[in-house]
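Colleague: need a 3D model of the sequence below.
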Amino acid sequence: MHSLARRYIKTAVAFLAAGLVLGVYMIVRRELGGAWPSPYLVTAHTHAILVGFMMFMILGVALWLFPRTRTDDRRYHPGRVEAAYWILLVGSVARFAGELARPWSAAAWLRWTVVLAGTAQAVGLLVYFWAMWPRIRPVGSHVREAAGERF
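Modeller: Here you go, the predicted model:
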């Protein structure tokens, strides 16, 4: 497993930890303090687990497992996958932090931070799949399918 795939996966684990800590905090406050969590905290928790953990894990494992392109294939650019990582990371961290801060502030700059961070998450995912598109190809399966094998 190369370093960028490991970075995606380790980042996923860090987001899982952040999401679990926030989830425990919210359930303790709800069950022992009678305080229901703010919708912003629920959104922060959801984004830490679903985008931060699940998407980074899926993207890291896909990067690790998808077949490499041929050396003469000029469509695949590893730098785009690296760029996608940073765009998605900055967007996810900013979204998580912005959602955590929203119950205490309705400042316009904070609302814009959340909107721009969410947009960065979407852009990061699109850049990743644009970069990975050449690696989504058959490696031997087209021969088995032509022979009549069903998957």
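Colleague: can you point me to the longest helix in this protein?
Modeller: Counting by DSSP state H, the longest helix found in the chain is helix 3-33.
Colleague: so what touches stretch 109-120?
Modeller: Stretch 109-120 is contacted by residues 87-88, 90-95, 98-99, 101-102 when judged by C-beta atoms under 8 Å, 6 or more residues apart in numbering. Any C-beta I mention is one placed from the backbone N, CA and C, and that applies to glycine too.
Colleague: if we use 10 Å, what do you get?
Modeller: Contact partners of stretch 109-120, identified using C-beta atoms under 10 Å, 6 or more residues apart in numbering, comprise 40, 43-44, 47, 51, 86-99, 101-102, 104-105, 107.
Colleague: quick check on those residues: which are buried?
Modeller: 40, 43-44, 47, 51, 87-89, 91-96, 98-99, 102 (16 or more other C-beta atoms under 10 Å).
Colleague: give me the number of residues near residue 121?
Modeller: Look at residue 121: counted by other C-beta atoms under 10 Å, it has 22 neighbours.
Colleague: next: residue 20.
Modeller: Residue 20, neighbours per other C-beta under 10 Å, totals 14.
Colleague: distance of it relative to residue 147?
Modeller: Plainly put, residue 20 is 47 Å away from residue 147 if you go by C-beta to C-beta, to the nearest Å.
Colleague: quick one on the thing from earlier: for the longest helix of the chain, buried residues please.
Modeller: Judged by neighbour count (16+ other C-beta under 10 Å), helix 3-33 contains these buried residues: 4-5, 7-9, 11-12, 15-16, 18-19, 22-23, 26.
Colleague: now pLDDT and distance to residue 65 too, for the residues you listed, in JSON lines please.
Modeller: Formatted as JSON lines, the buried residues of helix 3-33 follow (pLDDT from 0 to 100; distance: C-beta to C-beta, whole Å):
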{"residue": "4", "pLDDT": "92", "distance to residue 65": "13"}
{"residue": "5", "pLDDT": "92", "distance to residue 65": "9"}
{"residue": "7", "pLDDT": "96", "distance to residue 65": "16"}
{"residue": "8", "pLDDT": "96", "distance to residue 65": "12"}
{"residue": "9", "pLDDT": "97", "distance to residue 65": "12"}
{"residue": "11", "pLDDT": "97", "distance to residue 65": "17"}
{"residue": "12", "pLDDT": "98", "distance to residue 65": "15"}
{"residue": "15", "pLDDT": "98", "distance to residue 65": "20"}
{"residue": "16", "pLDDT": "98", "distance to residue 65": "20"}
{"residue": "18", "pLDDT": "98", "distance to residue 65": "26"}
{"residue": "19", "pLDDT": "97", "distance to residue 65": "24"}
{"residue": "22", "pLDDT": "97", "distance to residue 65": "30"}
{"residue": "23", "pLDDT": "97", "distance to residue 65": "29"}
{"residue": "26", "pLDDT": "97", "distance to residue 65": "34"}
